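Trainee: Based on what follows, work out the 3D shape:
(one chain, ligands or ions: 1)
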Amino acid sequence: METLTTKYLGLTLKSPLIVSSSRLTSTIGQLKEAEDNGAGAVVLKSLFEEQINYYINSIPSSPGYPEADDYLANYIQSNSVDNYLDLIRKARKNLSIPVISSINCYTSRGWTGFAKNMADAGADAIEINVFFMPTDRKKSSADAEKLYFELIENLKKTVKIPIVLKIGFRFSNILFMIDQFYNRGIEGVVMFNRFYEPDIDINKMEVIPASIFSQENERRYVLRWIGMASAQDIKIDISASTGVHTGQDAIKYLLAGADTVQVCSVLYNKGIPYLKTMNQQISDWMTAKKFKKIDDFRGRLNYLNYEKPTVFERTQFMKYFSSFE
Ligand SMILES: Cc1cc2nc3c(=O)[nH]c(=O)nc-3n(C[C@H](O)[C@H](O)[C@H](O)COP(=O)(O)O)c2cc1C
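Mentor: Here you go, the predicted model:
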């Protein structure tokens, strides 16, 4: 009988499938549903840096706020942060699977001390969804990278539970960055966040949001980097994210070396109970391949273990171009 049990951030998960951060992880009912249907862990919906800053800055001044509108805004904002901490407490109390809290941020200062409140509320780990948008052509990539290091330094001052960075793949050298995260004490990386992106409506002549839900073919941007990152001689955990719509998709990321696999869009589409089907698909495949546990095949096809590692290096289509007339 095979087991899907796996380790992530030093925590034991009964499945490598994690419900990733979104509105699907914003109520205790949804979190319980995820656990009941076989989620290995849950990442709570994110709190935004702006909410935290509002909360931090408004506490001393709130009694003196003169305008009703300000008071209302203050109430809503600070209340939502309190609600968030309450969600962590309730989740910790009612769930037996790990509960990971989440923060969306785009600066490295000010709000970082707040992460301790999440740990105090009972979060098992904190996922930091971070992206510093480079909008200034006079700033170098090294300038942007420094912001990540400053962020880690600030977080590490207050937080003792594991910190995971949920990153994008827009770095000049992703492996260098992951190495730097590891050297600074980061326990895990989520590869990768799927950002909110613009599209254009040519009839209305407007910039509109591109589809917020992923397609399975988006895995192609992720698989290479998981295969390469998991082959490094450092022990930073990797959680795959983007384009996992079936158990088979999850297996691909595990074979490439991911420790866990996060799911979001497919659960919006098919409902949280679909996790059960995905776990079954992983189990069935393991039975067919005679694998007893996830570690029997994790990373089997990564840059280090696969017999033809150059497939991970090849980015140009020479073979295909030369054979097409
Ligand atoms: C509606 C929606 C809301 C999301 N909200 C968050 C969020 O608050 N924080 C976050 O880190 N990621 C958020 N994400 C990103 C997902 O956690 C996930 O990384 C992304 O959708 C890629 O995974 P998928 O292909 O399984 O959807 C959101 C995604 C969707 C579709």
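Trainee: So which bits of the stretch 151-300 of the chain are right by the ligand?
Mentor: Proximity of the stretch 151-300 of the chain to the ligand, by CB under 6 Å from any ligand atom, involves residues 166, 193-194, 212-214, 241-244, 263-265. Bear in mind the C-beta positions are built from the backbone N, C-alpha and C, glycine included.
Trainee: In helices, which of those fall?
Mentor: S265 (DSSP state H).
Trainee: I'd like to know which of the residues of the stretch 151-300 of the chain next to the ligand are buried.
Mentor: The neighbour-count criterion (16 or more other CB atoms under 10 Å) marks K166, N193, R194, S214, S241, T242, G243, V244, V263, C264, S265 among those as buried.
Trainee: quick one: the fourth one and S241 touch, right?
Mentor: Pointing back at S214 there. No: taking CB atoms under 8 Å as the definition, S214 is not a contact partner of S241, at 9.1 Å.
Trainee: returning to that earlier point: taking the residues of the stretch 151-300 of the chain next to the ligand together, which two end up most distant?
Mentor: Farthest-apart pair in those is K166 and F213; separation 17.5 Å (CB to CB).
Trainee: Okay, now the unreliable bits of this structure?
Mentor: Filtered on pLDDT under 70, the chain yields the residue ranges 58-79, 318-325.
Trainee: how close does the residue in the stretch 101-250 of the chain that the ligand sits nearest to sit to H245?
Mentor: Relative to the ligand, the nearest point of the stretch 101-250 of the chain is S214 (3.0 Å; CB to the nearest ligand atom). Between S214 and H245 the computed distance is 8 Å (CB to CB, to the nearest Å).
Trainee: Over to I126?
Mentor: 27 Å.
Trainee: With N94 instead?
Mentor: Using CB to CB, one gets 28 Å for the distance from N94 to H245.
Trainee: which of these two has more neighbours?
Mentor: H245 (21 against 13; other CB atoms under 10 Å).
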